[in-house]
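Enquirer: one predicted model, sequence on top.
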Amino acid sequence: MPVFFYAFAAISIVGAIALVCFRNPVSSAISMVGSFVGLAALFIGLNAYFVGIIQILVYAGAIMVLFLFIIMLLDLKAPSTFKRSSPMVIVGGLIIPFTFVIQLSAVLPEVRGGNPQALPLEEAAKGFYDKDRDPDKQSEIYNSLRQKSLPDVNLVGLTLFGHKGDNASIRTPGYNFPLQITGVLLLVATVGVVALSLKKKKSKSGGSES
Amino acid sequence: MAIVKVKRPKLYWYEHLYLPAILKGLIITLKHAIASLRGKAQGGKELASSGLGVTMQYPEQKWDAQLPEYYRGVPALVTDEQKRERCVSCQLCEFICPPKAITIMPGEIQSEDPWAKVEKAPQKFDIDMIRCIYCGMCEEVCPEQAIFLRQDYAMTGVSRLEMVNDKDRLYEIGGIREGLVNKWNELK
Amino acid sequence: MDFFFIIASAVKIFGFTFLVILPLVAYSTYAERRVSAVLQDRVGPNRVGIPATLFGFKKDLKLFGLIQPLADGVKGLLKEDFTPAHVRKSFYWMAPAFTAAPAFVSLCVIPFGSAVTIFGYEIKMVIADIGVGPLFIFAIASLSVYGITLAGWASNSKYPFLGGVRSCAQMISYEIALGLSVIPVLLFFGKLNLSDIVTYQAANGWLLLPLWNENGTLIHEAYWQTSSQQWLLLLPMGISFFVFTTSIFAETNRMPFDLPECETELVGGYHTEYSSMKFALFFMGEYAAMIVGSALIVTIFLGGWSLGFGLDSALLQTSEGDWKWYAGLIHMGAFLAKTVAFIIFFIWVRWTVPRFRYDQLMKLGWVVFFELALFNIFLAALIIAAPHIGLLNTFLFGIPALVITALLMFFITKANEVRRKAKVT
């Protein structure tokens, strides 16, 4: 229903604008959460439950909580005086939205207007039919597509980890290796942060001891 | 006092899991619950419990029988066997009273009265029971054995005025008390 | 169909929230007081009943104090709603709603019973039958941190602030253990839809009690032959259950972990500055979270709405394998009974186990449960994968890898601890 789309789109846009406009960092953080929730609702509106829920779980539930936690612990105050930015910054700030608007104006005419259609899920199910298996023992993806619900959890898994089967229509190489590499990269970054913060602490305590 | 250093007990590996201890605790509380529901809670009988736990249920059951000798309830004034009001309005209780609950207006005893030599008796004697803390200092300090803490505890009223015990009310609660030292009697 | 779906959903939302969960919240506060009283040899609230004397009868009806929650609610509404002058008003007003709302929202994916057929339409006894059930609950429940944290911050005084910060750190820490501990379960089921999980358990035995199978026979011979690995799986599932339950205790700020509101240190914790209905909303949110938590545990580990022991197929199914028309109601009763039993377990633990120290709590979350849940995932994965990769590979590579991982985790933790101790002394 487009009503919900517009409602949640409005929530996320208003949240994003409020994030920039509020002086108080806590208000900003909360409006960002609102924006995230609106965005997650938009994902869910596209039948992508998994992505929407992960959006809430990771961004609204974990990352923004940590942000809020840090803001509160440091007791950041709203800046009392407004510092005028240099003209270069203002020009730079204008160029970026301007290019964005140009991009949008290029893309928007291409978008099909009119009434949105439901996804042809039953059509899609045919692609996942495995002839070699029993009709009763088809894959989870096929079954839930037949029941007109998008199995986005399984599809994400299929895309990421690939599938080695005899059925050519489902066979995908997957992105297992890039995924693992990304994981290692994140781990390296985490370990680096820990190492950096530990070093600082050591020198501090050493200084106080001597 | 000597300093005793308490050593932490060495725990076995299964004690480090804490689970057996938690399980033990759960069983103990469960035992209490079962005993309580069966009306056999520990010490329930001695405390005359209502059947659930050790609690006595107040308005239906009263613990008057269990009241100790030394129970401090509502303070009251007493008269002795000769119907003499014992208070001589020395105001010691008024001064000692920690929450300043007592207000006394001393009065003179007329010369035609047989107890004229006592000279003073309270004209007004108010105890504000909203302020009273039942400490019993008035009873302790009284040189005339005139004020006593009774065993009454259910003192209620619907207005502040009702909670102020005036002289008549105090004597009504206190009644006649026998066996006190009658130092104002004539020597025989 | 669409029209019917909307009507049915509205009825379900109204019914489950106002006729099931809100009374359950109210009566779990009553149960908390009564059960705690019984555990401590007391009586508890047993007075509030129907004041029949007001209507000219001779005696009041006491009803074991069952009207107490109503009286509490009336009191909450009638008391002065005091807002201290030093608070940050907007957040102070928003915080109670942020705490209470997520708990109620997360209820919508919990299946209360099997489908009921009315006028030829099949109505699922779940408000939103989506394919990401447990994740949805975790996601929405994680939003309730904001309420508590904001309450602490907006109160603008030190004890609520400490309570808010504590709860924030605690909930983030235990969310990790919570999420990781449920992964072995999801590995086993292979799906995230709570209704499907329960249906599977109704047919094949509860996750923690796999004693019957589709034929409705107890410990049938065929069962041993076809899925003997399930008996091995009881170990990781047991660990999962333990870690999950304890993490739920921590997530809902229940007693052994109620550091955010511990009275001895923080007066009242994050809701110190709140009064009347705003305070009651915090309370309701907490109890609703507890109910959702126990409902989730029951759904995942203890068979949800199924009667169990093969009784579902024996009593409530027609010969074609469909549910009889009254099956949904009986299932709903079974589900509520299990949930209530679990709530009473929550209460029982609360009044038995003393509060943890904050560093112990953090150590338990990060050092013990995190590692345990991680190891548990590997263990469950190995057991599930064993038939596919063959016995030889399992013993040659799988088990050694598992042991090495476990030892590594153990010794890293141990070494860390030794170093920390050395630093302290």
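Expert: Great, that's in hand. Numbering: from 1, shown residues only, chains lettered A, B, ... in the order given.

Enquirer: local confidence estimate at residue 33?
Expert: This is for chain A. Listed pLDDT for A:Val33 reads 90.

Enquirer: please refer instead to chain C.
Expert: In this model, C:Arg33 is scored at 88, pLDDT.

Enquirer: and what of the one 4 residues further on?
Expert: According to the model's per-residue confidence, C:Ala37 sits at a pLDDT of 87.

Enquirer: what's the answer for the one 10 residues further on, then?
Expert: Note on C:Arg47: pLDDT of 80.

Enquirer: and what of A:Lys204?
Expert: Model confidence at A:Lys204, given as pLDDT, is 48.

Enquirer: repeat that for A:Asp166.
Expert: In the predicted model, A:Asp166 carries a pLDDT score of 65.

Enquirer: where do the helices sit along the stretch 101-250 of chain C?
Expert: Applying DSSP state H, counting those that start in this stretch to the stretch 101-250 of chain C gives helices spanning C:133-154, C:158-189, C:194-204, C:221-226, C:229-251.

Enquirer: could you check how far the most centrally placed residue in chain A is from A:Phe100?
Expert: Among the residues of chain A, the smallest C-alpha distance to the mean C-alpha position (CA atoms, centre = their mean) belongs to A:Gln55, namely 5.1 Å. In this structure, A:Gln55 and A:Phe100 are 22 Å apart, going by CB to CB, to the nearest Å. Heads up, the C-betas are built off the backbone N, CA and C, glycines and all.

Enquirer: spell out which parts of chain C neighbour chain B.
Expert: Taking CB under 8 Å from any CB of the partner chain as the measure of proximity, chain C contacts chain B at C:35, C:37-43, C:46, C:348-349, C:351-353.

Enquirer: export those residues to JSON lines and tack on secondary structure, distance to B:Ile176 and neighbour count?
Expert: Compiled in JSON lines, the residues of chain C next to chain B are given as follows (DSSP: H, G, I helix; E, B strand; the rest coil; distance: CB to CB, whole Å; neighbours: other CB atoms under 10 Å in any protein chain shown):
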{"residue": "C:Val35", "secondary structure": "helix", "distance to B:Ile176": "51", "neighbour count": "21"}
{"residue": "C:Ala37", "secondary structure": "helix", "distance to B:Ile176": "44", "neighbour count": "20"}
{"residue": "C:Val38", "secondary structure": "helix", "distance to B:Ile176": "48", "neighbour count": "22"}
{"residue": "C:Leu39", "secondary structure": "helix", "distance to B:Ile176": "50", "neighbour count": "24"}
{"residue": "C:Gln40", "secondary structure": "coil", "distance to B:Ile176": "45", "neighbour count": "16"}
{"residue": "C:Asp41", "secondary structure": "coil", "distance to B:Ile176": "43", "neighbour count": "20"}
{"residue": "C:Arg42", "secondary structure": "coil", "distance to B:Ile176": "41", "neighbour count": "16"}
{"residue": "C:Val43", "secondary structure": "coil", "distance to B:Ile176": "40", "neighbour count": "21"}
{"residue": "C:Asn46", "secondary structure": "coil", "distance to B:Ile176": "42", "neighbour count": "19"}
{"residue": "C:Trp348", "secondary structure": "helix", "distance to B:Ile176": "56", "neighbour count": "17"}
{"residue": "C:Val349", "secondary structure": "helix", "distance to B:Ile176": "59", "neighbour count": "19"}
{"residue": "C:Trp351", "secondary structure": "coil", "distance to B:Ile176": "51", "neighbour count": "19"}
{"residue": "C:Thr352", "secondary structure": "coil", "distance to B:Ile176": "55", "neighbour count": "20"}
{"residue": "C:Val353", "secondary structure": "coil", "distance to B:Ile176": "58", "neighbour count": "19"}
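
Enquirer: out of those residues, the closest to A:Phe5 would be?
Expert: Among the residues of chain C next to chain B, C:Val349 lies closest to A:Phe5 (CB to CB), at 45.2 Å.

Enquirer: which segments of chain A make up each domain?
Expert: The record assigns chain A these domain ranges, following automatic domain parsing: A:1-77, A:121-161, A:176-203.

Enquirer: burial of the residue of chain B found nearest chain C, as a residue count?
Expert: Across chain B, the shortest distance to chain C (CB to the nearest CB) belongs to B:Gly53, at 3.9 Å. Here the number of neighbours of B:Gly53 (other CB atoms under 10 Å in any protein chain shown) works out to 26.

Enquirer: repeat for the one 10 residues further on
Expert: Neighbour count for B:Trp63, taken as other CB under 10 Å: 12.

Enquirer: ok, it to chain A distance?
Expert: With the distance defined as CB to the nearest CB, to the nearest Å, B:Trp63 ends up 52 Å from chain A.

Enquirer: just to check, that residue is in contact with B:Gln57?
Expert: No: applying CB atoms under 8 Å as the test, B:Trp63 and B:Gln57 come out as separate, 10.6 Å apart.

Enquirer: show me what from chain A comes close to chain C.
Expert: Looking at chain C, the residues of chain A close enough under CB under 8 Å from any CB are A:26-27, A:30, A:33, A:37, A:49-50, A:53-54, A:56-57, A:60-62, A:65-66, A:68-69, A:72-73, A:140, A:144, A:149, A:151-153.

Enquirer: which of those residues count as buried?
Expert: Buried members of the residues of chain A next to chain C, counted by 16 or more other CB atoms under 10 Å in any protein chain shown: A:26-27, A:30, A:33, A:37, A:49-50, A:53-54, A:56-57, A:60-62, A:65, A:68-69, A:72, A:140, A:144, A:149, A:151-153.

Enquirer: quick one: C:Ala202 from B:Ile109, how far?
Expert: If you go by CB to CB, the gap between C:Ala202 and B:Ile109 works out to 93 Å.
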